[in-house]
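>>> Just to be clear, the model below is a prediction. Sequence and coordinates:
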Amino acid sequence: MRYLPKSPADRQAMLTAMGARSIDDLFAPIPAEYRLQRDLKVPRQMAESEIVDWFRQRSQENGIEYTSFLGAGAYLHYRPVIIDALISRGEFLTAYTPYQAEVAQGTLQAIFEFQTMICELTGMEVANASMYDGSTGAAEAAMMAVRLTGRNSVVVARSLHPEYREVLTTYATHQGMPVSSLGYSQSGRVDLKELESAITDQTACVLIQSPNFFGTIEDVAAIAEIAHKRGALLVVSIAEAVSLGIVEPPREADIVAMEAQSFGVPLGFGGPYCGVIATREKFVRQMPGRLAGQTVDRDGKRGFVLTLATREQHIRREKATSNICTNQALVALMVNIFMTVYGKVGLRELAKQNLAKAAYAADQFGKHAKVLFAGTPRFNEFVVQTSEDPRVINGRLLGHKIVGGLPLAKFFPELGNAALWCCTEMTTRTAIDTAVGVLAESEADEPSGDRAVEEVAR
Amino acid sequence: MSSKTPKATRHTSQNEGLIFEKSSAGKAAWKLPPLDVPEVDTGKLLGKSERKDLGHMPEVSEIEIIRHFTRLSTWNYAIDLGMYPLGSCTMKYNPRVNEVVSRLEGLANGHPYQPEKISQGALHILKTLSECLLDITGMDAITLQPAAGAHGELTGLLMVRAYHESKGNARKKILIPDSAHGTNPATAAMVGYSVENLKSNERGMVEVSALEAQMKEDVAALMLTNPNTLGVFEQEIHKIADILHAKGGLLYMDGANMNALVGKVRPGDFGVDVMHLNLHKTFSTPHGGGGPGSGPVAVKQMLEPFLPKPVVITKADGTLALEYDRPHSVGRVRAYYGNFGMFIRALAYIMANGPDGLRQTTEDAVLNANYIRKGLEGTYDLPYLTPSMHEVVFSDKLQAKRGVKTMDLAKRLIDYGFHPYTTAFPLIVPGALMIEPTESEGRDEMDLFIDAMKSIAKEVEEDPQMVLAAPHTTRVSRLDETAAARKPVLRWKPEQA
């Protein structure tokens, strides 16, 4: 077995040294009746070349050579090559959580820089070392608001990513944390009138997303004002991090829970991604997750450590702010490198390209179908309503090696034949024009009501 | 003492400031292609939502970024440099082929919402890994959705709760041994259960009579780590399971220490009803400085209806699909399907090993831990004489007499070229030295480790002050953690002009 550094003679010598006859002696504590007497039913030992072949086949069955217009919380942006070059260094890849600070200064300083950049981008004062992802980060942020306010319920916008809402519901179920939902108006943003009446004196926070699931940018200031007036906190989820390059961050929020996947993290069929929570300094002791802080060593030299551990499960056990233990360190490092590469100017230019592509695409689609919430500022996603079921249109697009927008019927049946389209800097004009062309043909045809809907998109 | 080359000597360690301190206007490491659609008027499109300034984000060139992170990396210890004997963390070799296959284009660029028709490769991976993990654990059904071990615990207990609710009573308590990891009680609290501690006996195991007394109808489950955090196999596991089951309770197993069992014994065979695995421990996915992890949860058949959704199914035509229509599901615990990239790596690891390799791996892990135990017995206090599996827990009792505690010993170990072991855990051993070598260490590295630990014990006798001041060879000496917590500095700020 090629990963095991012992020869049979080594094993025998070690057994002899400890006075054991055979390896079975060491497994004697396991009652004999439970010991497995057969081989595991897993694939036989494979050569490295066979493993690569097997996964290459899986890769080929997984939509290579398709151009995609999918976003919805997972975005295809260009990943500078130095990201993988740097995170592949064994000292980053194969290190543990930096509890032993003297031999983990590399990871710790990187986290400190990550926290700093997340603060700069979100307009918050402190940020943690990362959370599992945007969905769990949003749920943890809501729980944090409950601890901060002593109130127990959460008002959550329907324009928050539907899967984030589902995760929140799962987390809230057994914590005595009622979750109520808040609709959107004709503008595709939180309905401010409904918000006024939705907040009660038990509302810990209002949880929204901006840009929201439809791609429209919320009026964060107005929402914050209403929430704060009633003593509730505002939690803002950001699913498309690149938006921060050109969209004003939610400075009026109390907690920002973002998904940083857009910053250099592969789509990877949904994970691993990189959640992160940022907040105001005064709330830091109720923030979940690891934190790196600056300190000095015995000679007064600057160094970094994990800090404020008294919030965490290994110290506080059942009284901890969360049961979270790991973070997404290596993914956070990808994010960190991405932010460093693009920096102050590049992020804005990158975001501007996204904005331009989506604006162009929305204009083109708008000539043949209805683009919903058209008057509202948006970033790189928009909703297109067609007369035909978007799943049928998508079936046709697949023939052109194009994956169309995400049909919304499952999440928002009231929007009818609507789909959420996304354009990033990776989307070419040619692809946009081709997709618009196919959609235009569909829309020009008489819609055939009884045409079988092929399950091509979820 | 061995005549082998010592593991560590000093080498140049370059200084490197914060990236912000290298930034100056006009430097750039990026270049975008020309825009192929019309330029837009950002002010017109975004109005007051337009952002004008990105604050103190850095401006640096590519070579500076490469040097910055490369220099930082050299300040880290890593498995690639040597033994990382952190108990309960299973710091094993992270195979490089795992990294290669997880970056194959169709897998790395697969969108979670792309049509099932063109997601068959990814679904195939989910299904194959699930099948492997089910046979390894001896369980009936599995979810790969949880993002980490603690997240798996949460998922498992949510299912426990849903199961009891389906019987008409959610019950109130979770029993947790005093040797357990801190995530166990923290998780129980998140699922609305209160925690009742279960004292370990003098052998470091669950005291069956105490369990019998504490096991009431209001107990939903016992959360047990097996082997436990002392590295001890709960030999009366079948009795433990029977006691729980007789009163309608469930046995939850924290799979943190599964590296002691794979291919040798299956939790499903000894009465476990629900358990999580840590792919970043047992199945070789890299720790990456603290994550990402992945915490699949495997269950017995009666818990299957409660699995998070979606689950992978095979359709009549043989193709794979995701099933969302799961009325009894506990819901979602994470967006999409979990840390897919980790599934690829774990499966590649299983394939590289095969059934024989997995069994040999477990045997070597147990062999290594026992070799260290034998090598250090007498030099360090062994609070529990019960046989060890994959890890061994000593205490600093002998050294504490000279004022040297486990953390001091650990810091001195750094000077010998090793990462410290786990200190001060489990809580039932005052001054614990928790050592898990894993299978990835050969005899030479093990001998060097034993020599280092013996040499440190000698130093404690001869010059305790020197040990107390360790480490001596790192770029920073011991850091002031108290100051860091008292007045937290959690981000860089520009110096006031």
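Structure's in. What do you need?

>>> do the host helix or strand of residue B:220 and chain A meet at all?
Assigned by DSSP states H and E, residue B:220 falls within strand B:219-225. No - using C-beta under 8 Å from any C-beta of the partner chain, strand B:219-225 stays clear of chain A, coming no nearer than 11.3 Å. Where C-beta positions appear, they are placed from N, C-alpha and C, glycine not excepted.

>>> I'd like to know which elements that strand is packed against.
Applying 3 or more C-beta pairs under 8 Å, 6 or more residues apart in numbering or on different chains; DSSP states H and E, one finds that strand B:219-225 makes contact with helix B:149-166, strand B:173-177, helix B:183-190, helix B:237-246, strand B:250-254.

>>> could you check the angle strand B:173-177 makes with that strand?
20 degrees (axes from the mean of the first three to the mean of the last three C-alpha atoms, to 10 degrees).

>>> out of the helices and strands packed on strand B:219-225, deepest packed?
Stretch with highest mean neighbour count among the helices and strands packed on strand B:219-225: strand B:250-254 (a mean of 28; mean count of other C-beta atoms under 10 Å in any protein chain shown).

>>> Any stretches of the stretch 351-458 of chain A with poor pLDDT?
Confidence mapping of the stretch 351-458 of chain A against pLDDT under 70 gives the ranges A:446-458.

>>> With chain A instead?
A:446-458.

>>> Roughly how far does the closest residue to residue A:46 other than its chain neighbours sit from residue A:42?
Leaving aside its sequence neighbours, residue A:46 sits nearest to residue B:351 (C-beta to C-beta, 6 or more residues apart in numbering or on different chains; 4.6 Å). For residue B:351, the distance to residue A:42 (C-beta to C-beta, to the nearest Å) stands at 8 Å.

>>> ok, stretch A:198-208 near chain B or not?
No - against chain B, stretch A:198-208 shows no contacts by C-beta under 8 Å from any C-beta, the least distance being 14.0 Å.

>>> List the buried residues in that stretch.
A:198-199, A:203-208 (16 or more other C-beta atoms under 10 Å in any protein chain shown).

>>> what secondary structure does the nearest residue to residue A:76 once chain neighbours are set aside sit in?
Once flanking residues are discounted, residue A:76 sits nearest to residue A:426: 5.3 Å by C-beta to C-beta, 6+ apart. Three-state call for residue A:426 (DSSP: H, G, I helix; E, B strand; the rest coil): coil.

>>> how about the strands in chain B?
Along chain B, counting by DSSP state E, strands occupy B:141-143, B:173-177, B:194-198, B:219-225, B:250-254, B:274-276, B:297-299, B:311-314, B:320-323, B:392-395, B:422-423, B:432-435.

>>> Also the stretch 301-450 of chain A?
A:302-306, A:370-371, A:381-385, A:402-403, A:406-407, A:418-422 (DSSP state E, counting those that start in this stretch).

>>> thinking again about what came up before, in this structure the residue nearest to residue A:76 contacts residue A:78, no?
Yes - at 6.1 Å, residue A:426 counts as touching residue A:78 under the criterion of C-beta atoms under 8 Å.

>>> Kindly calculate the angle that the strand holding residue B:220 makes with helix B:237-246.
160 degrees.

>>> Please identify the pairing partners of strand B:219-225 and their relative orientation?
strand B:173-177 (parallel), strand B:250-254 (parallel) (DSSP bridges).

>>> Compile those strands into JSON lines and extend it with columns for mean pLDDT and distance to residue A:194.
Listed next are those as JSON lines, based on pLDDT from 0 to 100; distance: least, C-beta to C-beta, whole Å:
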{"stretch": "strand B:173-177", "mean pLDDT": "96", "distance to residue A:194": "39"}
{"stretch": "strand B:250-254", "mean pLDDT": "97", "distance to residue A:194": "42"}
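
>>> Show me the one of those that comes nearest residue B:232.
strand B:173-177 (11.0 Å; C-beta to C-beta).

>>> residues touching residue B:466, list them.
B:459, B:472 (C-beta atoms under 8 Å, 6 or more residues apart in numbering or on different chains).

>>> With residue A:81 instead?
Residue A:81 neighbours (C-beta under 8 Å, 6+ apart): none.

>>> and if you look at residue A:411?
A:162, A:213.

>>> go on, residue B:87?
B:229, B:231, B:391, B:393, B:421-422, B:425, B:434-436.

>>> Return the item of those residues having minimum pLDDT.
pLDDT is lowest at residue B:425 among those; the value there is 85.

>>> quick revisit: most neighbours out of the contacts of residue B:87, which is it?
residue B:391 (33 neighbours; other C-beta atoms under 10 Å in any protein chain shown).

>>> Ramachandran angles for that residue?
With angles defined as degrees, to the nearest 10, residue B:391 sits at phi -150, psi 160.

>>> coming back round to it: out of the strands of the stretch 301-450 of chain A, which comes closest to chain B?
strand A:302-306 (4.1 Å; C-beta to the nearest C-beta).

>>> what about residue A:192, how many neighbours?
Residue A:192 has 15 nearby residues by other C-beta under 10 Å.

>>> State the number of residues packed around residue B:463.
12.

>>> Same check on residue A:231?
Neighbour tally, residue A:231, other C-beta under 10 Å: 14.

>>> now do residue B:356
Applying other C-beta under 10 Å, I find that residue B:356 has 14 neighbouring residues.
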